[in-house]
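Participant: sequence isn't available, so here's the structure alone:
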């Protein structure tokens, strides 16, 4: 049973007990209804308290039951709430730590609520593409007021209970307890105080009104619609709260339920639920058990004070971990330090960081020009120039000076980690930590597992990623790892589209309309087109058979490296980042087509999107097949957190599943017939063909 029952004098105490956050799974729901029935049948019991064991009152629905028959099995959450609301004896909810989703809807069905200070309260269903589905949209406006309730629902963010207790006229909390420690005693006292009060107060009987009525809801729709244009759930929250003000309670509940069920089947909701599960799954590595011993990381050294080194350093300073930055020249150190200061001062200026916090962080930072000064660091991260000879010199030196047991990490974005590890006598201590630029902002961290990387090293860096608030995804060793290996195919397709008749602006607009934060040409200008040029020059030697459009090389030959040179695929005005279509570039593309004897054709938005996105999917299928990524959802997390793939589409693999893998493969076969494209690349990967034949999907193989 996932709910405990005991009687204290004349009060029955039902304690939700389903670690870690008392999710309202089937056994817990059954435990609560059984407890309510037992308490109502016991003549000695005068009132009832419902609370939560351990670290939460309740975090809501049990995510382990999502998509299973148990999630809807009776008693479902609506039935549990009805049992509390219809109890003949008063029911007091004693909330502490976390009360979210169903973990707030259940207390709203109780007769009284007492809350411990510091409790985080939320209805976060919009984050899963849903609206509250167990009365939250009908009861919270009645208990808290229409505006604060709607604000909570459309943001999905947790709010401290003390703030909600100060809302004028609120009936959400009858009392704020003195402390978490005294909560249960105070709840028992409240239950005894209310034992004989009749009729029992019900939130459903409270009025839900807004003085401005229709005008307020129209304003709310305009605001929410602008903020959440690709997500249907926030606007449905507005509709459901409006229903609370206009319909009878039971009709409002039916309205909420209908919208909840309809949203459950939308692609956006499926995508967001997939992302929720994928993020949790990314931290789990099949052959590295959760109880694998971890190494202690109390201090970090970073080699290189450039853009990446500085950004990486800030992550650890933000988490309160001391960092020593090593450079070869004093002026490079001074420059790096000045950039870190400037970044923090900008945050202070915007009110995002308090002055004392800024000073605390800077106090954790030290610098050196001498390798001997970093030898006691627990982790060292190399962020030097992306060239194997440079990496070799650094790792040989680290092998010589670092203490035994130190983790040696490389921030390489494409180079062979096994080769880097071979420069040391301790390959088990070497791991790739590929941060994305700007490293202090981007959430993604590709953790590259070498052939000899120790399991304890992997367990340590995965835990450390959480400490520095990164989404870590494990990749095997391959050129470009997961993200950059895929983006190369995407960039190649973008180049072929130019040769066949598209303009950079047309390609960017199509993929941005699909939902990418930035199209391939704007992205190239931001990152620096010379970086791609260097990779292509390496490819021409290593893979002479690989086909590329020469447009990008021609652009670089003109010195148009992007925003940093004021000109790339687009023109840029000094000090501005607005991409202005370039006549010179369009003419260069046209001349190139003529030289190749290509007659340009009109290319549809659909073709642009399919060729760009399906190129990611096909390469990703090969990455999965080779075991470079262990699961499709990991690839989705890489693209959602590192490459601006639209969240509401759930990542490239989830999107392919939504379109249907049969349809994706058929499109690929069609593109394979295009003589100006790469016929070989467009053969559907064997894994994709296998899944199509078996009627399966990437994410539920």
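Facilitator: Ah, there it is. As the structure is a computational prediction, the values presented were derived from the model and not from experiment.

Participant: mind giving me the packing neighbours of the host helix or strand of residue 534?
Facilitator: The secondary structure element spanning residue 534 is helix 529-542 (assigned by DSSP states H and E). Taking 3 or more Cβ pairs under 8 Å, 6 or more residues apart in numbering; DSSP states H and E as contact, the helices and strands that helix 529-542 lies on are helix 551-557. (Each C-beta comes from the backbone N, C-alpha and C, glycine too.)

Participant: contacting residues around the helix or strand following the helix it packs on?
Facilitator: Once the chain leaves helix 551-557, the next helix or strand it forms, by DSSP H and E, is strand 570-571. For strand 570-571, contacts defined as Cβ atoms under 8 Å, 6 or more residues apart in numbering pick out 504, 505, 521, 522, 525, 579, 580, 581, 582, 585.

Participant: rewinding a little: now the helix holding residue 534: mean pLDDT?
Facilitator: Helix 529-542 comes out with an average pLDDT of 88.

Participant: numbering from 28 from now on, please.
Facilitator: Right, with 28 as the first residue, what we last looked at is helix 556-569.

Participant: what residues does that helix touch?
Facilitator: Taking contacts as Cβ under 8 Å, 6+ apart, the residues outside helix 556-569 that touch it are 441, 515, 518, 551, 573, 575, 579-580, 582-583, 587-589, 595-596.

Participant: go through the contacts of strand 597-598 and say which is closest to residue 406.
Facilitator: Of all the contacts of strand 597-598, residue 552 has the smallest distance to residue 406: 34.1 Å, by Cβ to Cβ.

Participant: hang on, that closest one in a helix?
Facilitator: Yes - when DSSP: H, G, I helix; E, B strand; the rest coil is applied, residue 552 is found to be in a helix.

Participant: pull out the buried members of the contacts of helix 556-569.
Facilitator: Neighbour-count burial within these applies to 441, 515, 518, 551, 575, 579-580, 582-583, 587-589, 595-596; the criterion is 16 or more other Cβ atoms under 10 Å.

Participant: what's the farthest-apart pair in these?
Facilitator: So, the buried ones among the contacts of helix 556-569 by Cβ to Cβ: farthest apart are 441 and 587, at 23.0 Å.

Participant: domain ranges for this protein?
Facilitator: The record's domain parsing of the chain by automatic domain parsing lists 30-291, 327-502, 510-721.

Participant: among these, which is nearest residue 312?
Facilitator: Across those, closest to residue 312 is domain 327-502 (Cβ to Cβ), at 5.8 Å.

Participant: start and end of that closest one, how far apart?
Facilitator: 23 Å (Cα to Cα, to the nearest Å).

Participant: quick one: mean pLDDT over that domain.
Facilitator: Averaging pLDDT residue by residue across domain 327-502 gives 96.

Participant: so what's residue 125 closest to, chain neighbours aside?
Facilitator: Nearest-residue entry for residue 125: residue 83, 4.0 Å, with adjacent residues in sequence omitted and distances by Cβ to Cβ, 6 or more residues apart in numbering.

Participant: ok so that neighbour is a strand residue?
Facilitator: No - the assignment for residue 83 (three-state DSSP) gives coil, which keeps it out of a strand.

Participant: you'd agree it is up against residue 50?
Facilitator: No - if you go by Cβ atoms under 8 Å, residue 83 and residue 50 don't touch, sitting 9.1 Å apart.

Participant: list the residues that contact the closest residue to residue 594 other than its chain neighbours.
Facilitator: Nearest non-adjacent residue to residue 594, counting by Cβ to Cβ, 6+ apart: residue 587, 4.5 Å away. With contacts taken as Cβ under 8 Å, 6+ apart, residue 587 has the following neighbours: 556, 594, 595, 596, 612.

Participant: ok, residue 62 next?
Facilitator: Under the criterion of Cβ under 8 Å, 6+ apart, the contact partners of residue 62 comprise 30, 32, 39, 41, 75.

Participant: among those, who's most crowded?
Facilitator: Within the contacts of residue 62, most neighbours by other Cβ atoms under 10 Å means residue 75, with 27 neighbours.

Participant: can you tell me the SS state at that residue?
Facilitator: Here residue 75 is strand, with the state taken from three-state DSSP.

Participant: test my guess that it contacts residue 118.
Facilitator: Yes - taking contacts as Cβ under 8 Å, residue 75 lies within contact range of residue 118: 4.7 Å.

Participant: so what sits against both of these two?
Facilitator: When contacts are counted by Cβ under 8 Å, 6+ apart, residue 75 and residue 118 are jointly contacted by residue 63.

Participant: returning to that earlier point: for ChimeraX, write the selection for the buried entries among the contacts of strand 597-598.
Facilitator: Here is the ChimeraX command that selects only those of the contacts of strand 597-598 that count as buried (16+ other Cβ under 10 Å):
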select :531,532,548,549,552,606,609,612
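
Participant: can I get the contacts of strand 597-598 in JSON lines with pLDDT and secondary structure?
Facilitator: Written out in JSON lines, the entries for those read as follows (pLDDT from 0 to 100; DSSP: H, G, I helix; E, B strand; the rest coil):
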{"residue": "531", "pLDDT": "98", "secondary structure": "helix"}
{"residue": "532", "pLDDT": "97", "secondary structure": "helix"}
{"residue": "548", "pLDDT": "97", "secondary structure": "helix"}
{"residue": "549", "pLDDT": "96", "secondary structure": "helix"}
{"residue": "552", "pLDDT": "93", "secondary structure": "helix"}
{"residue": "606", "pLDDT": "94", "secondary structure": "coil"}
{"residue": "607", "pLDDT": "95", "secondary structure": "strand"}
{"residue": "608", "pLDDT": "96", "secondary structure": "strand"}
{"residue": "609", "pLDDT": "96", "secondary structure": "coil"}
{"residue": "612", "pLDDT": "97", "secondary structure": "helix"}
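
Participant: from the contacts of strand 597-598, which is closest to residue 330?
Facilitator: Relative to residue 330, the closest of these is residue 552; by Cβ to Cβ it sits at 28.9 Å.

Participant: for the closest one, what are its contacts?
Facilitator: Per Cβ under 8 Å, 6+ apart, neighbours of residue 552: 589, 590, 595, 596, 597, 599, 606.

Participant: ok, of those, which one's closest to residue 132?
Facilitator: Each of these was checked against residue 132 using Cβ to Cβ; the closest is residue 606, at 46.5 Å.

Participant: so who does that closest one touch?
Facilitator: 532, 535, 549, 552, 596, 597, 599.

Participant: from residue 472, how far out is residue 343?
Facilitator: Residue 343 sits 12 Å away from residue 472, taking Cβ to Cβ, to the nearest Å as the criterion.
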